[in-house]
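J.: fold the following for me, if possible:
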Amino acid sequence: MSNRSGFKILPGTIVMAIGVFLLLFTFIIAAFMFFANDLTSGLPGNMVQTFGETLAPAIALLGHAVYLGIMVWIGSELTIHGIDLRVKEKKTEPPKTV
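T.: The predicted structure is shown next:
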């Protein structure tokens, strides 16, 4: 009988594990992006070229930030729903009689 109760919390555990994996994966990707970016550049004489060289990394950084924000949001939502599934399944288990 106790083997069946393990199967009841399995979906919640799987969803929670996927959420935690996505969170860890996102933070690892963020660390690599942080260490891979070279933000030091010289100042050219042309004003258009200066704005182009300055804004291009800022736009790329904005794209990375949006990507990381969405990944963290999805991972945290999956983790929250996985925990909710586990708690609901534990509450619906019938009490054991001795």
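J.: what's around Gly75, how many residues?
T.: Residues lying near Gly75 (other Cβ atoms under 10 Å) number 20. In short, each C-beta sits where N, CA and C put it, glycine included.
J.: before we move on, what about Leu62?
T.: Leu62 is flanked by 11 other residues according to other Cβ under 10 Å.
J.: just say helix, strand or coil for it.
T.: Of the three states, Leu62 takes helix under DSSP: H, G, I helix; E, B strand; the rest coil.
J.: which residues sit in contact with Met71?
T.: Leu22, Phe25, Thr26, Ile29 (Cβ atoms under 8 Å, 6 or more residues apart in numbering).
J.: sorry, that was for Val66
T.: If you count contacts by Cβ under 8 Å, 6+ apart, then Val66 has nothing around it.
J.: look up how far Phe27 lies from it.
T.: To Phe27, Val66 is 16 Å away according to Cβ to Cβ, to the nearest Å.
J.: next one: His64
T.: 13 Å.
J.: and for Gly19?
T.: Noted for Gly19: a distance of 13 Å to Phe27, by Cβ to Cβ.
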